[in-house]
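Novice: Got a sequence here, can you build the structure:
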Amino acid sequence: MIRDASDFAELPSLRSLVSALRDPSSMALIASIVDRLIIREISSPGETSISDVRLDVSSPILGIMLDVSHSGEASYILRRASMRKPKERKYEPLVVDVGANDGVLSSNSFNLIQTGWSAILVEPNPELLNVAKKMTQPLVDVYRDGNQRICYVQAAMSGGTAASKMKLKIGTDIVSMESSLVRGAPSQGDKKREAHLARLRGGGGGGSTRQRPRTIEVDVLPAQDVATRCNGIPRRFGVLSVDAEGVGDLVLHDFLDNGYRPEFIIYEPMHNSEPWEVTLQYLEGLKYKWLQKRGWNHILEYLE
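Specialist: Residues are numbered from 1 along each chain as shown. Here you go, the predicted model:
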């Protein structure tokens, strides 16, 4: 018989639950979930509106947002930006997401858009870009004050100096929807990776694959052409996220060599020709400081 609330702690079922939660693997999972929760300010102190009722509030209204990026990159950036030493912000809150995919799953830009950042989403796969539009357009400039914009660019980037067209191979897996520019015969490493992924996916059970990969022709744009399509990119902007299969190093150089200085860089070096150590040395020469590696991505910060 339970006499008071403290007796609940002695119930076998509750004790078993607490014991399970204290298992190291469970604690790691809980910590990962908590780390992905972002507290955001919905309104500032003063007059606000809830269901068309005007209210006077003495403190900001807060909400909780779930980080959808692959390894918590978005919440890491948002926390870092809010914790930095007070100084005049010299960058526009804009994220340029190269290889934006569907704009949600594992996205480095979705949560930034939620918090009011402007965005340029660059994605060569038209199907994925259409999904990104549907998922992000309702989040943009919701208060109609003109302070937030979004631009969708259906194109690939490869670090070239002039616009061109190339073939894009769209993979068979409809979950990851990987795509890559066709740049000659696949290397031995590419073949091994494809075979490894095929084994992991078990031959496509559960409807996770298409019948066969397909190839489409897409525009391939340099950074300056992306800027032109989107009515300009400021020299100083918030985040450059680069996930460009096999050409990420070239895309990164394209932006930085043309004078752009994002405050934060999220960069995946996998399958790129330039070794990460060489890329890091190049970035440090431009006054970037390496902060952390999260998942496959390296995060760097610009130091004036």
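Novice: What ranges does the stretch 201-304 of the chain have for its helices?
Specialist: Under the criterion DSSP state H, counting those that start in this stretch, helices of the stretch 201-304 of the chain are mapped to 223-229, 248-257, 276-285.
Novice: if you compare those helices, which one is most tucked away?
Specialist: Across the helices of the stretch 201-304 of the chain, the average number of neighbours (mean count of other C-beta atoms under 10 Å) peaks for helix 248-257, which reaches a mean of 21. Placement of C-beta: from N, CA and C, glycine included.
Novice: between that one and helix 276-285, how big is the angle?
Specialist: Helix 248-257 runs at 10 degrees relative to helix 276-285, counting by axes from the mean of the first three to the mean of the last three C-alpha atoms, to 10 degrees.
Novice: average pLDDT across helix 248-257?
Specialist: If you average the pLDDT over helix 248-257, you get 98.
Novice: Can you name every helix or strand that the helix or strand Ala81 falls within contacts?
Specialist: Taking DSSP states H and E as the criterion, Ala81 maps to helix 73-83. Applying 3 or more C-beta pairs under 8 Å, 6 or more residues apart in numbering; DSSP states H and E, one finds that helix 73-83 makes contact with strand 37-43, helix 110-114, strand 237-242, strand 264-267, strand 288-294, strand 297-302.
Novice: which residues touch the residue nearest to Lys287 when sequence neighbours are not counted?
Specialist: Distances taken as C-beta to C-beta, 6 or more residues apart in numbering place Leu303 nearest to Lys287, at 4.9 Å, with adjacent residues excluded. Neighbour list for Leu303: 287-289 [criterion: C-beta atoms under 8 Å, 6 or more residues apart in numbering].
Novice: can I see the domain layout of this structure?
Specialist: Structural domains annotated on the chain: 12-66, 69-304, as defined by automatic domain parsing.
Novice: where among those is the average confidence lowest?
Specialist: The lowest average pLDDT among these, as it happens, falls on domain 12-66, at a mean of 59.
Novice: so who does Val153 touch?
Specialist: Shown in contact with Val153 (C-beta under 8 Å, 6+ apart): 120-123, 221, 226, 229-230.
Novice: Please identify which of those residues is nearest to Val242.
Specialist: Proximity of the contacts of Val153 to Val242 was ranked by C-beta to C-beta; the top entry is Val122 with 9.6 Å.
Novice: Which of the contacts of Val153 has the largest number of neighbours?
Specialist: Neighbour counts for these, by other C-beta atoms under 10 Å, peak at Leu121, which reaches 29 neighbours.
Novice: Let me know the secondary structure of that one.
Specialist: Secondary structure assignment for Leu121 (DSSP: H, G, I helix; E, B strand; the rest coil): strand.
Novice: Tell me which residues touch it, please.
Specialist: With C-beta under 8 Å, 6+ apart as the criterion, the residues that contact Leu121 are 97, 100, 103, 109, 129, 132, 136, 150-153.
Novice: ok, it to Ser13 distance?
Specialist: In this structure, Leu121 and Ser13 are 48 Å apart, going by C-beta to C-beta, to the nearest Å.
Novice: returning to that earlier point: kindly reformat the contacts of Leu121 as TSV containing distance to Leu168 and secondary structure.
Specialist: Rendered in TSV, the data for the contacts of Leu121 read as follows (distance: C-beta to C-beta, whole Å; DSSP: H, G, I helix; E, B strand; the rest coil):
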residue	distance to Leu168	secondary structure
Asp97	17	strand
Ala100	14	coil
Gly103	18	coil
Ser109	21	coil
Leu129	12	helix
Ala132	16	helix
Thr136	22	helix
Ile150	23	strand
Cys151	20	strand
Tyr152	16	strand
Val153	14	strand
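Novice: Just the C-alphas of stretch 289-304, formatted as PDB.
Specialist: In PDB, the C-alpha atoms belonging to stretch 289-304 read as follows (Å, rounded to 0.1, in the frame of the first residue of the first chain):
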ATOM      1  CA  LYS A 289      39.800  28.400 -35.900                       C
ATOM      2  CA  TRP A 290      38.800  24.700 -35.800                       C
ATOM      3  CA  LEU A 291      36.200  24.200 -33.100                       C
ATOM      4  CA  GLN A 292      35.000  20.600 -33.200                       C
ATOM      5  CA  LYS A 293      34.200  17.500 -35.300                       C
ATOM      6  CA  ARG A 294      30.600  16.400 -35.100                       C
ATOM      7  CA  GLY A 295      29.800  13.200 -37.000                       C
ATOM      8  CA  TRP A 296      31.500  13.600 -40.400                       C
ATOM      9  CA  ASN A 297      31.500  17.400 -40.200                       C
ATOM     10  CA  HIS A 298      34.300  19.800 -39.100                       C
ATOM     11  CA  ILE A 299      33.100  23.100 -37.700                       C
ATOM     12  CA  LEU A 300      35.200  26.200 -37.900                       C
ATOM     13  CA  GLU A 301      34.800  29.800 -36.700                       C
ATOM     14  CA  TYR A 302      36.100  33.000 -38.300                       C
ATOM     15  CA  LEU A 303      38.400  35.100 -36.200                       C
ATOM     16  CA  GLU A 304      38.700  38.800 -37.100                       C
END
